[in-house]
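Participant: The sequence and its predicted three-dimensional model are supplied below.
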Amino acid sequence: MHQTYISDIAAREGETVEIRGWLYNLRSGGKLKFLQVRDGTGMIQGVLSKKEVSEEVWTAAQELTQECSIIVQGQVNKDERAPSGFELWLKDLIIVGSADEYPITKKEHGDAFLLDHRHLWIRSRRQHAILRIRHQVIKAMRDFFDDLGFINLDAPIFTPNASEGTSTLFETDYFGDKAYLSQSGQLYMEPGCAAFGKVYCFGPTFRAEKSKTRKHLTEFWMLEPEVAYMDLRGCMELGEDMLCFIIRRVLERCKSELNTLDRDISKLECIQKPFPRIHYKEACEILVDKGIDFTPGDDFGTPDEEALVEGYDKPLLIHHFPAAIKAFYMKCEANDPETSLSVDFIAPEGFGEIIGGSQREDNLDILKQKIKSHDLPSEAFEWYLDVRRYGTFPHSGFGLGLERTIAWICGIRHIRETIPYPRLMHRLKP
Ligand code: 4AD
Ligand code: MG
């Protein structure tokens, strides 16, 4: 018999189908067994009745253990109470592979235990929901930019220089030379937008973050659009439109996943334009007024971000940060070289900064000075300076941290569950 996927079961009502998957859970009661079967596309309950099946099938069923692989055949019947809306009246059952005592059970497990078993943990219902949402978010991001005529131009991962400062670089040996794992694809997108106008890259980025917070990974995925002739204002609008598009898509396609995660959907439904915007100086005043221990001129820490978004149900855009706390490549106000044309998007509900962006310095001499004053090796940036040598132009872009965005959308506190295999300061396994 052909394989049917559980996701397609609704079209097969009344028919006998074959499902190939794994046993998620088993309840036994005398002459009946209730099998929760999963096949990766969904979950369905199979009902096995001793009097409906052969002796061999009933005997085989005594060997069922959690996560053994099975092929079952049964009739698809409507069942209003079932989460999938259907159940299977089983006729046949084959155990394809037995399972040792499965380490992840219904009881509470510690974080370290679950992370050690991440390769199995991703089979669980909750992890499944999160990673499906991740898939849809990635698709939505790409669709958003592709529909606007952007070209996807991937950036390298081995790079000869830093982009976001030298403190979080992972260094590797590159045939006797030094190479660094990319912190951001931006420096490669800037020449890219001179070639194609509107580009984006999407890939893993690496930061040797020594902070063990719930918002930091050492390997995370970043989406980085870069647009020629776009200014800071355009950059803010693009980020706003993109986030609205992504959220709308997730609401359309991931209702059941959000439900599994007990996500309050109203918190996502209200994500509509326009988002609130405040100047960095205004943000400082708010913090001082709230009595937060914050020194104006500094970058915001988590408590500051939380105090700033308090009362907002949409991402908060903070713009015009002091140049001193931002990267070398940012352009500054024409009449105020201390203030950068930058923006951070702070997600509501305490999920922190999800987007960082700016207008880029397009003046060759100023940029050279900035590289110097940031103590960066100027030779390494010669190629990058060419963007200013051969037809310079105003341009802007941003980076969206995928995992933080997913943590926000899913409403989960720790970023480690938003990526299939998290890399944290003290975790390189599995
Ligand atoms: O603000 P960041 O450092 O910006 C850049 O890297 C720019 N070059 C992007 C650009 O303009 N093309 O990082 C962008 C985003 C942050 O807002 C945050 O969401 C995420 O990347 N991020 C991290 N996510 C998880 N773990 C970390 N250690 C992260 N560091 C940054
Ligand atoms: Mg940032």
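Facilitator: Nice, I can see it. Numbers count the residues shown, from 1 in each chain. Ligands and ions are numbered 1, 2, ... in the order given.
Participant: Could you tell me which ranges of the stretch 51-200 of the chain sit under the pLDDT cut-off?
Facilitator: Across the stretch 51-200 of the chain, nothing is flagged by pLDDT under 70.
Participant: Please, where are all the strands along it?
Facilitator: 69-78, 86-97, 151-152, 158-159, 171-174, 177-181, 198-206 (DSSP state E, counting those that start in this stretch).
Participant: Tell me the strands beside the third one, with direction?
Facilitator: The pairing partners recorded for strand 151-152 under DSSP bridges are strand 198-206 (parallel).
Participant: Same question for the longest one.
Facilitator: Strand partners for strand 86-97, identified by DSSP bridges, are recorded as strand 43-49 (parallel), strand 69-78 (antiparallel).
Participant: Nearest approach to ligand 1 belongs to which of those strands?
Facilitator: strand 43-49 (30.7 Å; C-beta to the nearest ligand atom). Just so you know, the C-beta spots here come from the backbone N, C-alpha and C atoms, and that holds for glycine as well.
Participant: By neighbour count, which bits of that closest one are buried? Give me those.
Facilitator: Residues M43, I44, Q45, G46, V47, L48 are the ones in strand 43-49 that count as buried (16 or more other C-beta atoms under 10 Å).
Participant: ok, back up a step: packed most tightly, which of the strands of the stretch 51-200 of the chain would that be?
Facilitator: Comparing the strands of the stretch 51-200 of the chain by mean neighbour count (mean count of other C-beta atoms under 10 Å), strand 198-206 ranks first with a mean of 22.
Participant: Could you tell me how far it lies from the centre of the chain?
Facilitator: Relative to the mean C-alpha coordinate of its chain, strand 198-206 is positioned 13 Å out (C-alpha atoms, centre = their mean, to the nearest Å).
Participant: following it, which helix or strand shows up next?
Facilitator: strand 219-228 (DSSP states H and E).
Participant: For ligand 1, which of the strands of the stretch 51-200 of the chain is the nearest?
Facilitator: Using C-beta to the nearest ligand atom, the nearest of the strands of the stretch 51-200 of the chain to ligand 1 is strand 198-206, at 7.1 Å.
Participant: Is there contact, residue-wise, from that closest one to ligand 1?
Facilitator: No: for strand 198-206, no contact with ligand 1 is found by C-beta under 6 Å from any ligand atom; the gap never falls below 7.1 Å.
Participant: any residues touching that strand, and which ones?
Facilitator: By C-beta atoms under 8 Å, 6 or more residues apart in numbering, the surrounding residues in contact with strand 198-206 are 138, 141-142, 145, 148-155, 157, 170, 181-185, 188-189, 192-193, 218-228.
Participant: If we check ligand 1, which of the residues you listed are in contact?
Facilitator: S184, F220, M222, E224.
Participant: okay if I get the residues you listed as a markdown table plus distance to T205 and neighbour count?
Facilitator: As requested, those are exported to a markdown table (distance: C-beta to C-beta, whole Å; neighbours: other C-beta atoms under 10 Å):
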| residue | distance to T205 | neighbour count |
| --- | --- | --- |
| S184 | 6 | 22 |
| F220 | 6 | 21 |
| M222 | 5 | 23 |
| E224 | 9 | 24 |
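Participant: Tell me which two in those are the farthest apart.
Facilitator: Farthest-apart pair in these is F220 and E224; separation 12.3 Å (C-beta to C-beta).
Participant: Name the residues contacting each of the two.
Facilitator: With contacts defined as C-beta under 8 Å, 6+ apart, no residue is shared by F220 and E224.
Participant: Now the closest residue in space to I325 that isn't next to it in sequence: which helix or strand?
Facilitator: Take I325 and drop its neighbours on the chain: the residue closest to it by C-beta to C-beta, 6 or more residues apart in numbering is D299, 4.6 Å away. Remark: D299 resides in no helix or strand, with elements defined by DSSP H and E.
Participant: for I292, helix, strand, or coil?
Facilitator: What DSSP: H, G, I helix; E, B strand; the rest coil gives for I292 is coil.
Participant: Quick one: residues contacting E101.
Facilitator: Per C-beta under 8 Å, 6+ apart, neighbours of E101: T65.
Participant: May I see the strands of the stretch 51-200 of the chain organised as JSON lines, with distance to K331 added?
Facilitator: Shown next, in JSON lines, are the strands of the stretch 51-200 of the chain (distance: least, C-beta to C-beta, whole Å):
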{"stretch": "strand 69-78", "distance to K331": "57"}
{"stretch": "strand 86-97", "distance to K331": "58"}
{"stretch": "strand 151-152", "distance to K331": "23"}
{"stretch": "strand 158-159", "distance to K331": "22"}
{"stretch": "strand 171-174", "distance to K331": "29"}
{"stretch": "strand 177-181", "distance to K331": "25"}
{"stretch": "strand 198-206", "distance to K331": "19"}
